[in-house]
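S.K.: for reference, the sequence and a predicted model appear below.
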Amino acid sequence: MEGAKMSFVMAIFVVLMSLILPTINAQAPVPAPGPSPSPTSDGATIDQGVAYVLMMLALALTYIMH
């Protein structure tokens, strides 16, 4: 009987602590940050893309000629 009573007391204690402890660490909600700025292209990526296409074209022409 003593074991059942102790288990009941521990269960009540755990339930109460699980309800009380989260409120101790509660903090005010932090406002969400604003949206990030849209990425800008400085033209370097476009130049690099054109260079890759020209290199592949030169490679293909070299392969066809030989």
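M.R.: Sure, I can see it.

S.K.: kindly export the one helix or strand residue 22 maps to (C-alpha atoms) in CSV.
M.R.: Using DSSP states H and E, residue 22 sits in helix 2-24. Backbone C-alpha positions of helix 2-24 (Å, rounded to 0.1, in the frame of the first residue of the first chain) are rendered in CSV as follows:
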residue,chain,number,x,y,z
GLU,A,2,2.9,2.3,0.8
GLY,A,3,4.4,1.8,-2.6
ALA,A,4,1.2,2.6,-4.4
LYS,A,5,0.8,5.8,-2.3
MET,A,6,4.3,6.8,-3.1
SER,A,7,3.9,6.2,-6.8
PHE,A,8,0.7,8.4,-6.8
VAL,A,9,2.5,11.2,-4.9
MET,A,10,5.4,11.1,-7.4
ALA,A,11,3.0,11.1,-10.3
ILE,A,12,1.2,14.2,-8.9
PHE,A,13,4.6,15.8,-8.3
VAL,A,14,5.7,15.2,-11.8
VAL,A,15,2.5,16.6,-13.3
LEU,A,16,2.7,19.7,-11.2
MET,A,17,6.4,20.3,-12.0
SER,A,18,5.7,19.8,-15.7
LEU,A,19,3.1,22.5,-15.5
ILE,A,20,5.1,25.0,-13.4
LEU,A,21,8.6,24.7,-14.8
PRO,A,22,7.9,25.9,-18.3
THR,A,23,6.5,29.2,-17.0
ILE,A,24,9.7,29.9,-15.1
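
S.K.: after that helix comes which helix or strand?
M.R.: helix 44-65.

S.K.: what does that next one contact?
M.R.: Helix 44-65 is touched from outside by no residue, with contacts defined as CB atoms under 8 Å, 6 or more residues apart in numbering. For glycine as for every other residue, the C-beta is placed from the backbone atoms N, C-alpha and C.

S.K.: buried ones in it?
M.R.: Buried residues in helix 44-65, counting neighbours by 16 or more other CB atoms under 10 Å, are absent.
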